[in-house]
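Colleague: Following is a predicted model, sequence given first.
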Amino acid sequence: MKNKKTLVLGASTKPERYAFKAITMLVDKGHSVIAIGQNQGEVAGISIRTKNIPLKNIDTVTLYLNPVRQREYYNYIIETKPKRVVFNPGTENPEFYQLLKANSIKVEEACTLVLLTTNQY
């Protein structure tokens, strides 16, 4: 399996959160992970940052932010130029889909945990 460098937006140190589970599973499956959340912390050896940092060579951005919270990241994600953005359940955002598609970034409505579990990531 190819390592897909992944940015998890909406990262959390709370084990019951899906973002926490996604970081853990991404690391377990051998993917490089960068995590950005509201609070600093660490999950599966990955430090959660609270500020946007310039990123390169990101394959996937997986979102765990509601559509209103996503707005502050629109430009950041587009400038990062990922190959795709995964909109996990509850993060669907047709407004953002249009911006991403206009910038040749693939939009995928899916669950990162399911994609990883079924080897479709």
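Modeller: That came through fine. Because the structure is a prediction, the values reported are computed rather than measured.
Colleague: which residue sits farthest out from the middle of this protein?
Modeller: Within the chain, the residue lying farthest from the chain centre (Cα atoms, centre = their mean) is Ala102, at 19.4 Å.
Colleague: Next, the contact list for that one, please.
Modeller: Contacts here follow Cβ atoms under 8 Å, 6 or more residues apart in numbering; on that basis Ala102 touches nothing. Where C-beta positions appear, they are placed from N, C-alpha and C, glycine not excepted.
Colleague: Can you name the next helix or strand after whichever strand or helix holds Glu95?
Modeller: Applying DSSP states H and E as the criterion places Glu95 in helix 94-102. Going down the chain from helix 94-102, the next helix or strand is strand 106-109, by DSSP H and E.
Colleague: For that following strand, give the mean pLDDT please.
Modeller: Average pLDDT, strand 106-109: 98.
Colleague: packing partners for the helix or strand that that strand is followed by?
Modeller: Downstream of strand 106-109, the first helix or strand assigned by DSSP H and E is helix 112-117. Here helix 112-117 touches helix 18-28, going by 3 or more Cβ pairs under 8 Å, 6 or more residues apart in numbering; DSSP states H and E.
Colleague: Contacts only, for the nearest residue to Gln38 once chain neighbours are set aside.
Modeller: Nearest residue to Gln38 in three dimensions, chain neighbours excluded: Thr50, at 6.6 Å (Cβ to Cβ, 6 or more residues apart in numbering). If a contact means Cβ under 8 Å, 6+ apart, then Thr50 has Ile36, Gly37, Gln38, Asn39, Gln40 as its contacts.
Colleague: Are any of those residues buried, and if so which?
Modeller: Ile36, Gly37 (16 or more other Cβ atoms under 10 Å).
Colleague: Return the subset of the contacts of Thr50 lying in helices.
Modeller: With helices taken from DSSP state H, there is no overlap with these.
Colleague: Tell me where the model's unsure across this structure.
Modeller: For the chain, applying pLDDT under 70 flags the ranges 1.
Colleague: re the thing from before, quick check: the residue nearest to Gln38 vs Lys21, distance?
Modeller: 20 Å (Cβ to Cβ, to the nearest Å).
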